[in-house]
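Participant: I would like to see how this sequence folds:
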Amino acid sequence: MAFEDDALERMHTIMSGSHSAMMEHMNRVHRGEPAVMRELAAQGACTPGHLAETTGNSPGRISAILAALEKKGWATRTVDPENRRRVIVRITPEGRNLVALHRQMREERLRWIFGQMGEHRTAEFLDLLAQFMTYTSLCGPGAQAPDEATIAKAFEDNGLQYRPAQDRENITLTAAQPEECPFADTDAAARAATAHTDQDAAAPSAAPQRG
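Facilitator: Modelled structure (predicted):
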């Protein structure tokens with residue numbers, strides 16, 4: 001296996017294994033159809049409420065996205081025969097193929113980037129990325145700066161050796177309150193809207209009736 005493939009696999013491991021509150025908050029900016037399609041491809045079938053929660057969209061926004069995906073033939077919404085108040089969303093074969101194509105194109109470009117960087121710089125970059133993601137896991141919106149023991153534990157949990165930079169600077173982190181900074185995702189109530197019933201989140205325009 002070429003080092004570019006090793007680097008790609010390791011980057012996926014680093015990125016997917018980091019439970020970063022800050023990165024999650026940043027990723028919520030990239031909502032919409034691509035995020036919903038990726039989640040559907042991963043889950044196979046789920047509810048609109050689940051999609052709203054995992055992609056950071058409101059129930060109304062999810063309803064609009066699903067309507068657009070249905071129109072394009074990339075997803076379907078059906079009423080659960082065992083619970084007619086529940087809507088099930090599924091990705092279509094065409095939609096799954098599209099997600100796979102996008103993933104393939106993205107990975108081809110990442111392999112090209114690693115090839116241009118060279119093996120040494122790629123390895124160095126991934127080491128730094130692993131450290132970066134560990135730090136971001138500790139300083140999400142609203143969080144205060146962690147102490148040394150907490151930082152060291154996070155590095156240990158990620159299989160990294162904690163070696164503080166000699167030229168580091170300790171910056172004070174402001175723990176913003178929701179009313180002061182609505183973009184700081186510190187209030188669980190901000191996500192409570194997605195707890196609505198699934199039929200409110202996104203019901204098909206005309207549910208089939210059975211005799």
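Participant: Low-confidence regions, the chain specifically.
Facilitator: Regions of the chain meeting the criterion pLDDT under 70 cover residues 1, 17-31, 141-142, 175-211.
Participant: residue boundaries of the strands in it?
Facilitator: For the chain, the strands defined by DSSP state E cover 45-46, 75-80, 83-91.
Participant: Using TSV, please lay out the ones you listed together with distance to residue 137 and mean neighbour count.
Facilitator: (Glycine included, C-beta is placed from N, CA and C.) Formatted as TSV, these follow (distance: least, Cβ to Cβ, whole Å; neighbours: other Cβ atoms under 10 Å):
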stretch	distance to residue 137	mean neighbour count
strand 45-46	26	16
strand 75-80	32	18
strand 83-91	30	18
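Participant: quick one: which of the ones you listed is nearest residue 143?
Facilitator: strand 45-46 (29.5 Å; Cβ to Cβ).
Participant: which secondary structure elements does the closest one contact?
Facilitator: strand 83-91 (3 or more Cβ pairs under 8 Å, 6 or more residues apart in numbering; DSSP states H and E).
Participant: Neighbouring strands - and their directions - for the strand it packs on?
Facilitator: Paired strands of strand 83-91, with direction, are strand 45-46 (antiparallel), strand 75-80 (antiparallel) (DSSP bridges).
Participant: Of all those strands, which one is nearest residue 147?
Facilitator: Nearest to residue 147 among those is strand 45-46 (39.0 Å), distances taken as Cβ to Cβ.
Participant: Distance from that closest one to the middle of the chain?
Facilitator: The chain centre lies 17 Å from the centre of strand 45-46; the measure is Cα atoms, centre = their mean, to the nearest Å.
Participant: Equivalent analysis for stretch 40-49, please.
Facilitator: When C-alpha coordinates are averaged (Cα atoms, centre = their mean), stretch 40-49 and its chain have centres 14 Å apart.
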